[in-house]
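**Student:** the sequence and its predicted three-dimensional model are supplied below.
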Amino acid sequence: MMRRREFVAVLLCAWLLTACDRLPKPTPIAPEAIVVAFGDSVTYGTGAAAGEDWPSRLAGLSGWTVVNAGVPGDTAERARDRIEAVLTQYQPALVVIEIGGNDFLRRRPQAAVKDDVRRIIQSVRQSGAQAVLVAVPQLSLFGVLSGAKSDAPLYRELAREEGVPLVEAVFSEILSRPELCADQIHPNAEGYRKMAATIYAFLAQTPKGAD
């Protein structure tokens with residue numbers, strides 16, 4: 001009897017840990033909705049021709065009006081101060097946030113980057129829009145030497161703490177595949193196509209697009 005109780009207790013603990021680790025799913029938005037892609041050069045589309053950036057491709061896949069609010073070289077610290085103007089101008093239903101890579105390159109403390117991204121999320125929510133995070137790869141010696149990138153932990157932490165949906169692994173996976181990259185920190189046209197397909201599949205809760 002004790003063994004059975006212990007077994008049930010272990011199963012319950014495992015279920016609770018899994019449930020606690022689950023992140024929110026995005027809420028569906030109307031076909032005519034305005035979506036803001038908010039970020040840095042990766043959102044802007046550096047490394048590819050005009051119209052090959054992931055926000056443009058997302059618009060083509062979804063039918064939404066997708067505003068590209070990416071600024072090359074932008075940091076979470078600076079983006080925090082411009083989000084209000086973007087929200088006021090476009091009044092979006094959804095904001096997809098991809099920011100932090102330039103902060104990592106500048107060796108800003110993770111805690112400071114996390115705080116800035118949190119404030120961006122909170123500004124989006126206060127406007128009445130839905131916020132969705134895209135995880136950005138962390139800067140590491142192992143990643144540089146091996147070519148394998150992984151998401152910075154702060155994005156999953158923020159997704160849990162703020163209760164926001166998180167698109168994981170897509171950016172880090174693309175930067176781990178040279179054939180999808182224009183350089184060490186930017187996708188190429190095919191990389192942006194994959195990024196858009198994955199983000200759209202996540203937002204629409206459909207199977208991922210073809211690689």
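**Tutor:** Okay, I see it. Only a predicted model underlies this, so the values are computations on that prediction, with no experimental measurement involved. Numbers count the residues shown, from 1 in each chain.
**Student:** just list whatever residues bridge to the residue most central in space within the chain.
**Tutor:** For the chain, Val134 is the residue whose C-alpha lies nearest the centre (Cα atoms, centre = their mean; 0.3 Å). Going by DSSP bridges, Val134 is paired in beta bridges with Val167.
**Student:** do you have the strands of the protein handy? List them.
**Tutor:** Applying DSSP state E to the chain gives strands spanning 34-39, 65-70, 94-98, 130-134, 166-167.
**Student:** so which bits of the third one are buried?
**Tutor:** Buried residues in strand 94-98, counting neighbours by 16 or more other Cβ atoms under 10 Å, are found at 94-98. C-betas here are computed from N, CA, C, even on glycine.
**Student:** now mean pLDDT too, for the strands of the chain, in CSV please.
**Tutor:** CSV is the format used below for those (pLDDT from 0 to 100):
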stretch, mean pLDDT
strand 34-39, 98
strand 65-70, 98
strand 94-98, 98
strand 130-134, 98
strand 166-167, 98
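**Student:** make a markdown table out of these and add distance to Leu87.
**Tutor:** Formatted as a markdown table, the strands of the chain follow (distance: least, Cβ to Cβ, whole Å):
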| stretch | distance to Leu87 |
| --- | --- |
| strand 34-39 | 8 |
| strand 65-70 | 10 |
| strand 94-98 | 7 |
| strand 130-134 | 11 |
| strand 166-167 | 20 |
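**Student:** ok, back up a step: enumerate every residue touching the residue nearest to the centre of the chain.
**Tutor:** Contacts here follow Cβ atoms under 8 Å, 6 or more residues apart in numbering; on that basis Val134 touches 39, 96-98, 155, 166-167, 170-171, 199.
**Student:** and if you look at Asn68?
**Tutor:** By Cβ under 8 Å, 6+ apart, the residues touching Asn68 are 37, 43-45, 53, 55-56.
**Student:** also Ala189?
**Tutor:** Residues counted as contacts of Ala189 (Cβ under 8 Å, 6+ apart) are 47-49, 52.
**Student:** switch the cut-off to 7 Å
**Tutor:** By Cβ atoms under 7 Å, 6 or more residues apart in numbering, Ala189 lies in contact with 48-49, 52.
**Student:** hang on, Val124 packs against Arg118?
**Tutor:** No - counting by Cβ atoms under 7 Å, Val124 does not reach Arg118; the two are 10.8 Å apart.
**Student:** which residue packs closest to Asp53, ignoring adjacent ones?
**Tutor:** Leaving aside its chain neighbours, Asp53 sits nearest to Gly45 (2.6 Å; criterion: Cβ to Cβ, 6 or more residues apart in numbering).
**Student:** likewise for Ala93?
**Tutor:** Leaving aside its sequence neighbours, Ala93 sits nearest to Ala33 (Cβ to Cβ, 6+ apart; 4.1 Å).
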